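J.: Structure for the following, please:
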Amino acid sequence: MKILMPALCAAVFALPLSALAKPSLRDVPQIEDGLFAVALAKEVRDECDSIDGRVFKAIGVLTSLKREANQLGYSDDEIRAYIDSQAEKDRMRAKGEKFLAQNGVSYDNPETFCTFGRAEIAKNSAIGVLLRAK
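T.: Here you go, the predicted structure:
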């Protein structure tokens, strides 16, 4: 044990700092998936006149995600930097557009957003719980 402990410490301190760093929040599935659901719900709400958003529910989800990120060791500044990052916004938009297209949604036909949104509401999915039909 006396030999193992110094060797273990030496190995840990020999690691590059990046190996000990937290992963990007995009690589934390529960955070990424929650933000993705909120973003898609907002897009459906914005594009479909017959569906509204459950704004207070979305605020609750975002608050919960922030709390979870804090519990995972991310500071408020790290969370804010991730949320405000234009590169992350662009990545999330591209991911959302791909997901929507794969689910038959087209920006050229707003009704497809309504069809998608109603289906998500019926499934009571992570996206659907953030929406309500008018």
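J.: For the rest of this, base every contact and every neighbour count on C-alpha atoms.
T.: OK.
J.: So what's the predicted local confidence for G104?
T.: We have a pLDDT of 97 for G104.
J.: What lies in contact with whichever strand or helix holds A122?
T.: Assessed by DSSP states H and E, A122 sits inside helix 110-123. By CA atoms under 8 Å, 6 or more residues apart in numbering, the residues outside helix 110-123 that reach it are 41, 44, 47-51, 103-106, 127-129, 131-133.
J.: Mind checking which of those are buried?
T.: Among the contacts of helix 110-123, those scoring as buried are A41, V44, E47, C48, I51, V105, I127, G128, V129, L131, R132 (criterion: 16 or more other CA atoms under 10 Å).
J.: Tabulate those residues (JSON lines), appending secondary structure and distance to A94.
T.: Putting the buried ones among the contacts of helix 110-123 into JSON lines (DSSP: H, G, I helix; E, B strand; the rest coil; distance: CA to CA, whole Å) gives the following:
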{"residue": "A41", "secondary structure": "helix", "distance to A94": "15"}
{"residue": "V44", "secondary structure": "helix", "distance to A94": "15"}
{"residue": "E47", "secondary structure": "helix", "distance to A94": "17"}
{"residue": "C48", "secondary structure": "coil", "distance to A94": "20"}
{"residue": "I51", "secondary structure": "strand", "distance to A94": "23"}
{"residue": "V105", "secondary structure": "coil", "distance to A94": "14"}
{"residue": "I127", "secondary structure": "coil", "distance to A94": "17"}
{"residue": "G128", "secondary structure": "helix", "distance to A94": "20"}
{"residue": "V129", "secondary structure": "helix", "distance to A94": "23"}
{"residue": "L131", "secondary structure": "strand", "distance to A94": "21"}
{"residue": "R132", "secondary structure": "strand", "distance to A94": "25"}
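J.: how much space is there between the residue nearest to the spatial centre of the chain and K123?
T.: For the chain, L35 is the residue whose C-alpha lies nearest the centre (CA atoms, centre = their mean; 2.4 Å). Going from L35 to K123 by CA to CA, to the nearest Å gives 19 Å.
J.: Now do S18, the pLDDT please.
T.: 42.
J.: Kindly apply the preceding question to K22 instead.
T.: Model confidence at K22 (pLDDT) stands at 86.
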